[in-house]
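Colleague: Attaching a predicted model along with its sequence, questions to come.
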Amino acid sequence: MKFLYSDTQDYVDPAYDFINDRNSPTRERYWGDVYAHELMKPAPYDGLLVSMSAIRQAEGVSSSKVRYSTKEEQRMLRDGARKFLRYDGPAFKDSMLMGDCGAFAYVDHDKPAYSPEEVVEFYTEAGFTHGVSPDHIIFDCDLANPKPDEVAPATLARYKITLANAQAFMDLVRETGAPFEPMGAVQGWSPESMAQAAVHLEHMGYKYLAIGGLVPLKVEVIHVVLQALRKAIKSETKIHLLGFAKADKIHEFTGYGITSFDSTSPLIRAFKDAKANYYIDSPGGGLDYYTAIRIPQAIENSRLVQGIKRGIFSAEDLQRREQKALIALRSFDRGEESASRTLTAVMDYHRFLVEGESEDIARQEKELAKMKDMVGRTLQDAPWKRCKCDVCSAVGVEVIIFRSSNRNKRRGFHNLGVYHKHLQTTMENAQ
């Protein structure tokens, strides 16, 4: 089972100054930055997924969904995605480079933002090894398996559009001799409708199916969907799970013959999860999670800045406490400060974050007590000292500090590496 990471231009400055919190004076965005597969060896994933909606802005699609500039799009299509992503070395020559349409970007529209002709052309020009037919997301998944005439017309329309696009896409791949392996997108409003869609795609000639609409589904519902699919399709038909947000539950899905899946979860949780920010191998097997230590920049954090503007906080006092917390944590890492005094310094600063968020005293105290327990566990176990990955070996305690993109993304890279290793171990144990 291969793990693909969805590219969202996640790279870091390799010469970032953590003490002064600033980029290298000679840093050039992208050109001087490094991707996770450049920073870490081995690469923390088996391939990359690039969404068309992140590259090319379509009419009516919000520009906030597009991360690439016009110049970057042109460069990618001129040089090819593999070279643009610097994923073209000998170590990556057999790695998957997959394209999809990024259907979330146009989920509120009546039809997909890109035609099959545009998509085939894009995948070909970018040099992808695999490409998914243009789909239209269906979020409903009714385990009662209602019939087509029992579902909303808009839902049925999305189902038909996805299948019609898949047929046109396959026809174009055959006509043009496109150099990538076509993947048929599966959408449906129930396990049975998704299974029927999969069978239709097989009849069209697809040997690799990409299962969509999984992001909001609970683990138990995904199991039912995959059971229905596997019962309906050929055993040799390959399956990819699109946007598999339940990545930490992958050990439950080893029996479905899944060939690949993509997820951003390990990286995203580094800076969006409330408590599980840092992954580490559990001594008993599996994964364990730790809370990153939040020491935001006093004059840049929105909550703190608002407090300063309202006269609740003093900028000078906040900066003094901020520096005290950072100094204590780095001293602790060197063995020159105790965990208890470090925790006191960190929580003394963290209190202002909580006060800036709520005026409810009881709620503040409850939140502070919870955070104190989580940060105390992080300090007590010091998981970054146990990790030998390239990130933790290079930056040490900085990886556990929740502060600035360069730290947070590095922690995300670390998480990808730990997760990738966990997946490999899971698959070995399942054999």
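Modeller: Received it, and whenever you're ready, just let me know what you need.

Colleague: could you say what helices and strands the lowest-mean-pLDDT helix or strand in the chain packs with?
Modeller: Sorting the helices and strands of the chain by mean pLDDT, DSSP states H and E puts helix 302-309 at the bottom, at a mean of 76. When contacts are defined as 3 or more Cβ pairs under 8 Å, 6 or more residues apart in numbering; DSSP states H and E, helix 302-309 packs onto helix 315-333, helix 339-357. Placement of C-beta: from N, CA and C, glycine included.

Colleague: Hey, what's the angle from the last one to helix 315-333? Just curious.
Modeller: Spelled out, it's helix 339-357. For helix 339-357 against helix 315-333, the angle by axes from the mean of the first three to the mean of the last three Cα atoms, to 10 degrees is 150 degrees.

Colleague: May I see the buried residues of helix 339-357?
Modeller: By neighbour count on 16 or more other Cβ atoms under 10 Å, the buried set for helix 339-357 is 342-343, 345-347, 349-356.

Colleague: Walk me through the domains of the protein.
Modeller: 46-263, 292-403 (automatic domain parsing).

Colleague: so of the ones you listed, which one's packed in deepest?
Modeller: Mean neighbours per residue, mean count of other Cβ atoms under 10 Å, is largest over the domains of the chain for domain 46-263, with a mean of 19.

Colleague: For it, what is the distance to the chain centroid?
Modeller: Its chain's average C-alpha position is 16 Å from that of domain 46-263, according to Cα atoms, centre = their mean, to the nearest Å.

Colleague: avg pLDDT for it?
Modeller: What domain 46-263 shows for mean pLDDT is 94.

Colleague: same question, stretch 403-412
Modeller: Rounded mean pLDDT across stretch 403-412 is 96.

Colleague: pull the longest helix from this structure.
Modeller: For the chain, the helix with the greatest residue count under DSSP state H is helix 404-430.

Colleague: Can you list the buried residues in that helix?
Modeller: Taking 16+ other Cβ under 10 Å as the criterion, helix 404-430 shows 404, 406-423, 426 as buried.

Colleague: got JSON lines for the buried residues of helix 339-357, with distance to Phe122 and pLDDT too?
Modeller: Written out in JSON lines, the entries for the buried residues of helix 339-357 read as follows (distance: Cβ to Cβ, whole Å; pLDDT from 0 to 100):
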{"residue": "Thr342", "distance to Phe122": "51", "pLDDT": "98"}
{"residue": "Leu343", "distance to Phe122": "51", "pLDDT": "98"}
{"residue": "Ala345", "distance to Phe122": "52", "pLDDT": "97"}
{"residue": "Val346", "distance to Phe122": "48", "pLDDT": "97"}
{"residue": "Met347", "distance to Phe122": "50", "pLDDT": "96"}
{"residue": "Tyr349", "distance to Phe122": "48", "pLDDT": "91"}
{"residue": "His350", "distance to Phe122": "46", "pLDDT": "90"}
{"residue": "Arg351", "distance to Phe122": "50", "pLDDT": "86"}
{"residue": "Phe352", "distance to Phe122": "48", "pLDDT": "84"}
{"residue": "Leu353", "distance to Phe122": "43", "pLDDT": "80"}
{"residue": "Val354", "distance to Phe122": "47", "pLDDT": "82"}
{"residue": "Glu355", "distance to Phe122": "49", "pLDDT": "76"}
{"residue": "Gly356", "distance to Phe122": "45", "pLDDT": "62"}
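
Colleague: Fine, thanks again, bye for now.
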